[in-house]
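In: Pasting the sequence and the predicted model now:
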Amino acid sequence: MTTLTVLGSTGSIGRQTLDVVRHIEGELKIHALVAAKSVELMEKQARLFRPAVVVMMDEDSALELRGRLRDLPIKVDQGMEGIINSVIAPQVDTVVTALSGRIGLEPTLAAIEAGKAIALANKETLVAGGDLVMSTARKMKCPILPVDSEHSAIFQCLEENPDTVEKIILTASGGPFFGWTREELATVTLEKALCHPNWDMGAKITIDSATMMNKGLEVIEAHYLFNMDYDAIEVLIHPQSVVHSMVEYRDGSVLAQLGRADMRLPIQYALSYPTRWRNSFERLDLRGKTLSFHEPDMKAFPALNMAYSVGRRGGTLPAVMNAANEIAVSAFLHKKVTYLGIHDIVEKVCLEHQVLDNMDLGSILDADSWARRRATELIS
Ligand SMILES: NC(=O)C1=CN([C@@H]2O[C@H](COP(=O)(O)OP(=O)(O)OC[C@H]3O[C@@H](n4cnc5c(N)ncnc54)[C@H](OP(=O)(O)O)[C@@H]3O)[C@@H](O)[C@H]2O)C=CC1
Ligand SMILES: CC(=O)[C@@H](O)[C@H](O)COP(=O)(O)O
Ligand SMILES: [Mn+2]
């Protein structure tokens with residue numbers, strides 16, 4: 001039996017993780033559930049899964065939840081201290097990191113330092129602190145098991161023979177605006193950007209998919225997870241999202257992982273690894289399906305190119321790009337900037353940043369705070 005803390009249990013990945021826990025009987029147990037403010041859903045989850053601890057980042061939400069759960073022997077904690085205690089508790093084996101954004105960095109590091117396995121969905125953590133997270137994980141001999149669908153696919157294909165890999169090929173759906181020109185993209189509305197063609201996800205990652213920043217973040221995520229040079233990471237548009245990614249070996253052979261657009265599969269694999277559990281989820285049916293692949297349009301979607309350059313430069317720059325993007329996407333979600341404005345803001349902040357190569361947690365958090373302040377100034 002594996003005992004979990006689920007960071008972000010009320011979000012898209014968190015809810016699907018709990019669905020896996022319910023479906024796979026006798027394998028998984030919950031120690032703690034963590035969210036920010038979704039009190040009502042957290043109460044339901046707590047009543048269903050009976051964790052020892054629930055944590056709300058927001059103090060008022062924790063207070064309200066404490067009242068709602070007073071009939072149950074569940075500790076309701078709050079804030080970053082509460083989150084960190086929920087991941088380092090001795091009974092926890094694996095932490096599912098499904099908070100949205102860089103806020104996940106500190107609890108992920110704390111979990112690694114405490115020797116926990118990480119089922120990593122929260123890509124912003126790796127973009128902001130990739131060197132630090134991976135070196136700490138190596139030191140602690142902590143497995144980082146990818147949940148992101150592309151990285152889970154690559155992880156599954158790499159099991160074959162990791163030493164003879166020539167390149168990895170990340171597939172991208174292209175988002176709702178695949179095939180649009182830069183001029184057409186000037187007319188994008190929030191409502192259209194929130195309609196991903198294949199995946200039902202949280203708002204922030206859905207907008208990242210629409211700008212293709214999601215793929216940029218995933219290129220950097222792949223660089224750290226698989227220790228691959230940026231030249232050996234390729235992106236291919238695949239509008240059907242059936243092939244989740246591929247690995248090309250030095251003899252020209254290409255291995256791919258296929259599946260339905262259902263995050264429960266990569267979540268389950270991260271939790272069952274190195275074995276596979278039987279499940280009753282709907283299966284992929286390829287009959288009548290056409291699979292197509294296209295070159296990404298870097299002119300229409302400049303975020304992808306920017307992420308390659310930022311990743312190659314390294315130091316504090318990826319943390320800065322990520323933080324500026326979080327602020328710009330949030331402003332877009334509140335209709336304070338346009339779709340094209342997101343890229344302009346992120347690019348400006350990156351260009352202004354004086355990169356540091358000293359990558360301790362303090363430098364990363366300082367760079368992150370600076371970028372958030374600067375992006376906010378540019379927006380207002
Ligand atoms: N959704 C998907 O299919 C995929 C997601 N990912 C990655 O997984 C991560 C989560 O994505 P997703 O589930 O879509 O996001 P959601 O927005 O759906 O959920 C985010 C979760 O994090 C919690 N949260 C947000 N901010 C804070 C905070 N400051 N403190 C504590 N909790 C917080 C939210 O709580 P509350 O509900 O209270 O706000 C919620 O539980 C992201 O990094 C994303 O890139 C990767 C691949 C696929
Ligand atoms: C489900 C998942 O892993 C997302 O990251 C998804 O890949 C987003 O789709 P895009 O390929 O459009 O970015
Ligand atoms: Mn992905």
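Out: Happy to help now that I have it. Quick caveat: nothing in here was measured; it's all calculated off a predicted structure. Ligands and ions are numbered 1, 2, ... in the order given.
In: can you list contacts of the host helix or strand of T376?
Out: Applying DSSP states H and E as the criterion places T376 in helix 361-379. Helix 361-379 is contacted from outside by 102, 105-106, 109, 128-129, 132, 316, 319-324, 326-328, 331, 336-337, 345-346, 348-349, 352-353, 356, using C-beta atoms under 8 Å, 6 or more residues apart in numbering. In this view, the C-beta of every residue, glycine as well, is placed from N, C-alpha and C.
In: Next, the contact list for the one residue in the stretch 51-200 of the chain that gets nearest to ligand 3, please.
Out: Nearest residue of the stretch 51-200 of the chain to ligand 3: D148, at 4.3 Å (C-beta to the ion). Applying C-beta under 8 Å, 6+ apart to D148 gives the contacts 120-121, 123, 218, 221, 266.
In: Need the buried ones from the residues you listed selected in ChimeraX.
Out: The ChimeraX selection below is limited to those of those classed as buried (16 or more other C-beta atoms under 10 Å):
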select :120,121,123,218,221,266
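In: and the contacts of D148 as a markdown table, adding secondary structure, distance to ligand 3 and pLDDT?
Out: Putting the contacts of D148 into a markdown table (DSSP: H, G, I helix; E, B strand; the rest coil; distance: C-beta to the ion, whole Å; pLDDT from 0 to 100) gives the following:
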| residue | secondary structure | distance to ligand 3 | pLDDT |
| --- | --- | --- | --- |
| L120 | strand | 12 | 98 |
| A121 | coil | 9 | 98 |
| K123 | helix | 7 | 98 |
| E218 | helix | 5 | 98 |
| E221 | helix | 8 | 98 |
| P266 | helix | 9 | 98 |
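In: returning to that earlier point: anything in the helix holding T376 sitting right up against ligand 1?
Out: No - Helix 361-379 lies apart from ligand 1 when judged by C-beta under 6 Å from any ligand atom; the minimum separation is 12.9 Å.
In: which bits of the stretch 1-150 of the chain sit near ligand 1?
Out: Contact residues, the stretch 1-150 of the chain versus ligand 1 (C-beta under 6 Å from any ligand atom): 8-14, 35-38, 57, 98-100, 103, 121-124, 148.
In: now L236, what's its secondary structure?
Out: In three-state terms, and counting by DSSP: H, G, I helix; E, B strand; the rest coil, L236 is strand.
In: Give the full set of residues in contact with it.
Out: Neighbours of L236 in contact, by C-beta under 8 Å, 6+ apart: 169-172, 246, 293-296.
In: next one: V165
Out: Counted by C-beta under 8 Å, 6+ apart, V165 has contacts 158, 228, 232, 247-250.
In: hmm, 6 Å instead?
Out: Taking C-beta atoms under 6 Å, 6 or more residues apart in numbering, we find V165 in contact with V247.
In: which parts of the stretch 201-350 of the chain sit against ligand 2?
Out: Residues of the stretch 201-350 of the chain lying close to ligand 2 by C-beta under 6 Å from any ligand atom are 209, 214-215, 263.
In: Scan these and report the most crowded one.
Out: The most neighbours of any of those, using other C-beta atoms under 10 Å, belong to N214, which has 28 neighbours.
In: gap between the closest residue in space to that residue that isn't next to it in sequence and L194?
Out: Distances taken as C-beta to C-beta, 6 or more residues apart in numbering place D208 nearest to N214, at 3.7 Å, with adjacent residues excluded. From D208 across to L194, the span is 12 Å (C-beta to C-beta, to the nearest Å).
In: For the stretch 251-380 of the chain, just list every one of the strands.
Out: With DSSP state E, counting those that start in this stretch applied, the stretch 251-380 of the chain shows strands at 254-258, listed in chain order.
In: measure the closest residue to ligand 2 within it to V349 for me?
Out: Closest to ligand 2 within the stretch 251-380 of the chain is M263: 5.7 Å, counting by C-beta to the nearest ligand atom. Separation of M263 from V349 (C-beta to C-beta) stands at 30 Å.
In: how does the chain divide into domains?
Out: Per automatic domain parsing, the structural domains of the chain span 2-146, 150-313, 314-380.
In: starting at the chain centroid, how far to the longest one?
Out: Read that as domain 150-313. When distances are taken as C-alpha atoms, centre = their mean, to the nearest Å, domain 150-313 is centred 12 Å away from the chain's centroid.
In: again, but for the shortest one
Out: For domain 314-380, the distance between its averaged C-alpha position and the chain's averaged C-alpha position is 18 Å (C-alpha atoms, centre = their mean).
In: From start to finish, how long is it in a straight line?
Out: End-to-end distance for domain 314-380: 28 Å, by C-alpha to C-alpha, to the nearest Å.
In: these two touch, right, S86 and V6?
Out: No - in this structure, S86 sits apart from V6 without contact. The criterion is C-beta atoms under 6 Å, and the distance is 9.3 Å.
In: Show me whatever sits in contact with both of those two.
Out: Overlap of the contact sets of S86 and V6 (by C-beta under 6 Å, 6+ apart) is empty.
In: tell me, how many neighbours does H23 end up with?
Out: 16.
In: does I118 sit in a helix or strand, and which one?
Out: strand 117-120.
In: Quick one: the strands in the stretch 101-250 of the chain, in order.
Out: According to DSSP E, counting those that start in this stretch, the stretch 101-250 of the chain carries its strands in the segments 117-120, 144-146, 165-172, 233-237, 243-249.
In: Mean neighbour count, these: which tops it?
Out: Of these, the one with the most neighbours on average (mean count of other C-beta atoms under 10 Å) is strand 117-120, at a mean of 26.
In: other SSEs contacting that one?
Out: Under the contact criterion of 3 or more C-beta pairs under 6 Å, 6 or more residues apart in numbering; DSSP states H and E, strand 117-120 touches strand 94-97, strand 144-146.
In: near ligand 1 at all, stretch 184-199?
Out: Yes - contact of stretch 184-199 with ligand 1 (C-beta under 6 Å from any ligand atom) involves W199.
In: Buried residues of that stretch, list them for me.
Out: 185, 188, 193, 196, 198-199.
In: and those near ligand 2, which?
Out: On the criterion C-beta under 6 Å from any ligand atom, W199 are the entries of the buried residues of stretch 184-199 that sit beside ligand 2.
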